[in-house]
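K.L.:
After the sequence you'll find the predicted model.
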There are 2 protein chains.
Amino acid sequence: MHAEIIGIGTEILLGQIVDTNSAYLARGLADLGIEVYYHTIVGDNANRLTQALDLAATRSDLIVMSGGLGPTADDLTKQTVAKFLHTDLIADPLTMTKLDQYYQQSQIEPLPNNQQMAMYLDHSTKLLNDVGYAVGSFYQQTDGPDVLVLPGPPKEMSWMFDHYAIPALKAAYHRDEFLISRVLRFTEIGESELVTKIDDLIANQTNPTVAPYIKPNEVTLRLTAKAANEVIANQLLDALESQIQQRVGAYFYGYGDDNSLPNEVVQKLIKRDISITAAESLTAGLFQSTLATIPGVSAIFPGGFVTYANEAKEQLLAIPTNVIETNGVVSEATAIWMAEQARKQMNTDIAVSFTGAAGPDPLEGQPAGTVWIGLAVKDQPTIAQLFHLPGNRNTVRERSVLRAFNLIRQHIL
Amino acid sequence: MHAEIIGIGTEILLGQIVDTNSAYLARGLADLGIEVYYHTIVGDNANRLTQALDLAATRSDLIVMSGGLGPTADDLTKQTVAKFLHTDLIADPLTMTKLDQYYQQSQIEPLPNNQQMAMYLDHSTKLLNDVGYAVGSFYQQTDGPDVLVLPGPPKEMSWMFDHYAIPALKAAYHRDEFLISRVLRFTEIGESELVTKIDDLIANQTNPTVAPYIKPNEVTLRLTAKAANEVIANQLLDALESQIQQRVGAYFYGYGDDNSLPNEVVQKLIKRDISITAAESLTAGLFQSTLATIPGVSAIFPGGFVTYANEAKEQLLAIPTNVIETNGVVSEATAIWMAEQARKQMNTDIAVSFTGAAGPDPLEGQPAGTVWIGLAVKDQPTIAQLFHLPGNRNTVRERSVLRAFNLIRQHIL
């Protein structure tokens, strides 16, 4: 079953509003197992909307429309669809009453077009609007695509879709299969490298499907299985996941759509009551600020140091002057001293340190992207690791922070 | 001249990413006087992209595409467009060198498909990518629509469009009217409040036009004037700007598309050689990290303190225990002590401090969003200001940082 989404609105066409409805609808339809092949945006223009409908009828089983159901003269969607389907518009009496009450209460003179909002397609399933006035429709055909008509304002559209359209679609298409998704999250591996390592799994996918997504500084894989029940769907996911983990498990750090490497690490530190501090040079507080994005971190994070200049490293962390003089500021020795001194001063279980060249210019002859990250752990030898990070100044700083979280994950958790 | 926009990407089609590129492009094309009639989204699928191109060729003079220029096997845009146009792809040597350097710097093994990013359409105007790798194209035809090919990541797309595509489009279509835009940036005022104050200017706009845009935590106004030459266009802009400044000048902080309040403030601090430090509680390094996003800040920023726990405030800033005990941690007195002690310890010209309840929970009975920001200035009395900031934990933290930059702007600059 193939669907396409048509958004109607001149503001969207001109770029005055970003279209968020199509993404919302695409996700909702995917959850019902309905594949979406196209999104189209047209203005409030009957001719071009009719052209889009004619085209959609040649290639889709379901047309999902949003926008243009309002009371103004530009709102032409219902009339245009009725003509396209050779059907009439009829008024919903409940909505007519709601509109009357609204005008009585607000003492505004009703506009002549207002009752247009109460109209829906004859012979369709009427979709009520609990958070606005414009009524929607779900119209089924035997000799052409089914048509779903939804309002444009995102709150009204999503409410009507979730509460009325989804039940109507489920009833119409008898979907009692289970569709379950699982998101795997990876760090320190690029999309192309990850995809290359599992390219046969992607090429041969049928059920479950595998889809890679690039997020800022990480890659996720979304596995989706379709089955008669939840247990079988999960078994299918388990089997595919174990193949993936065998190949790229070294880069895997966690599950879920709303997760991140910092979140995963901080949650584990909190759970295991491991306290942490940091001494930051090039990152200048970005690591500690990232810790603080996660509620509850105060249980394990007292604070720390931003030591941007060499003098600040010596003054705040009591690092002997000759350490930086002898080894350079971008060095293993400096990173180790920074981490150790920070841990001692804050009396925490662990401490991380950052020293490097964020760019755009080299620092002490070290090219931009050269970063040492130190990790001090109570009663253990302090280590420091060298990274060569690509990207501009702020990308290097952001990547340094993620590398530190990954170092903690690998060495502590 | 009619254009249509085609976005390519399975993530957009499935709704995992909201398409912001089409809106950006539609606004940019409108500024050039090019009317857009359709936006279409297709997945990374050569057949359906070809169908979309065939259809566009029947109804548009210009096809503007974004997405699918990356290095993975799904990225099919260039190959598909080349076939559609019956032309070849050729490699840009500069980008090949950039890719080689990237792999050397990051010490990653290059992938076989990577050079795909350096390819562009033969016989086209090559559009370079200064903020990424994938090269774009502007291909002109005499017997069919012109085609503009841009990358998908919004940062790369907008950079390439603004810096390379717009000049190419202007040259191609001999638009010798001068179209000049000026962007005014405002802070601490909401879009609806700003729009209400200038609603007559927006309603009566013809030349120059005025378009408000909401950005994270700020609002910008884009004024665009059309005239026979640059001098007249600038005069039109000056006249409109002065009307706007009379009404909302109190919230204005700077000009330009690539500007921000932190950038504006840091540039002025550097210019005037005013050194700065900070002591951060709820923001936990976010203010200092924001300072460090701007190259050259090392001249005025030695480092500072992240004092998340009360003990850290007392230990690192030498604040007497009874200050926090008596006044509470979220208090004017604590903010003033933090700023003063930070300034003294780092011996800078100014220091800011942050103490407050980021949420989700209240802190010492103060509701989430209650934030005191202190500002210590050498040889002047230290002040602290109370803010009640809306939003969730991280929005409160981000807004606190911007309020501090605005305090510096108002009191120092």
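P.N.:
Thanks, I have the structure now. Numbers count the residues shown, from 1 in each chain, chains lettered A, B, ... in the order given.
K.L.:
Point out where the stretch 101-250 of chain A drops to low pLDDT.
P.N.:
Within the stretch 101-250 of chain A, the ranges that satisfy pLDDT under 70 run A:106-109, A:111-112, A:175-176.
K.L.:
ok now do the one residue in it that gets nearest to chain B, which residues does it touch?
P.N.:
Proximity of the stretch 101-250 of chain A to chain B (CB to the nearest CB) peaks at A:S192, 4.8 Å away. Every C-beta, even on glycine, is put in place using the N, C-alpha and C of the backbone. Taking CB atoms under 8 Å, 6 or more residues apart in numbering or on different chains, we find A:S192 in contact with B:70-72, B:111, B:113-114.
K.L.:
And for A:R409?
P.N.:
Contacts of A:R409 by CB under 8 Å, 6+ apart are A:253, A:261, A:264-265, A:268.
K.L.:
now A:E264
P.N.:
A:185, A:253-254, A:409.
K.L.:
For it, pull up the helix or strand it's in.
P.N.:
helix A:261-271 (DSSP states H and E).
K.L.:
Pull the distance from that helix to the chain's centre.
P.N.:
Centroid separation between helix A:261-271 and its chain, computed with CA atoms, centre = their mean, to the nearest Å, is 20 Å.
K.L.:
so for that helix, what's the average pLDDT?
P.N.:
Average pLDDT, helix A:261-271: 96.
K.L.:
Equivalent analysis for stretch A:360-368, please.
P.N.:
91.
K.L.:
Can you list the buried residues in it?
P.N.:
A:363, A:366, A:368 (16 or more other CB atoms under 10 Å in any protein chain shown).
K.L.:
Next: stretch A:49-65.
P.N.:
For stretch A:49-65, by 16+ other CB under 10 Å, it's A:49-53, A:55-57, A:60-65.
K.L.:
With stretch A:15-35 instead?
P.N.:
A:15-26, A:28-30, A:32, A:34-35.
K.L.:
Residue of the stretch 151-300 of chain A nearest chain B, please.
P.N.:
A:G285 (2.4 Å).
K.L.:
Looking at the buried residues of stretch A:15-35, which are in helices?
P.N.:
Within the buried residues of stretch A:15-35, residues falling in helices by DSSP state H are A:21-26, A:28-30.
K.L.:
elements contacting the host helix or strand of A:A335?
P.N.:
Using DSSP H and E, A:A335 sits within helix A:332-346. Packing partners of helix A:332-346 (3 or more CB pairs under 8 Å, 6 or more residues apart in numbering or on different chains; DSSP states H and E): strand A:276-280, strand A:303-307, helix A:310-317, helix A:321-327, strand A:350-356, strand A:370-377, strand A:383-388.
K.L.:
picking up where we left off before, show me how to select, in PyMOL, the buried members of the contacts of A:R409.
P.N.:
This is the PyMOL syntax for the buried subset of the contacts of A:R409, where burial follows 16+ other CB under 10 Å:
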select buried, chain A and resi 253+261+264+265
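K.L.:
domains of chain A?
P.N.:
A:2-173, A:178-255, A:261-411 (automatic domain parsing).
K.L.:
Could you dump those domains into JSON lines and include distance to B:S137?
P.N.:
Listed next are the domains of chain A as JSON lines, based on distance: least, CB to CB, whole Å:
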{"stretch": "domain A:2-173", "distance to B:S137": "22"}
{"stretch": "domain A:178-255", "distance to B:S137": "22"}
{"stretch": "domain A:261-411", "distance to B:S137": "24"}
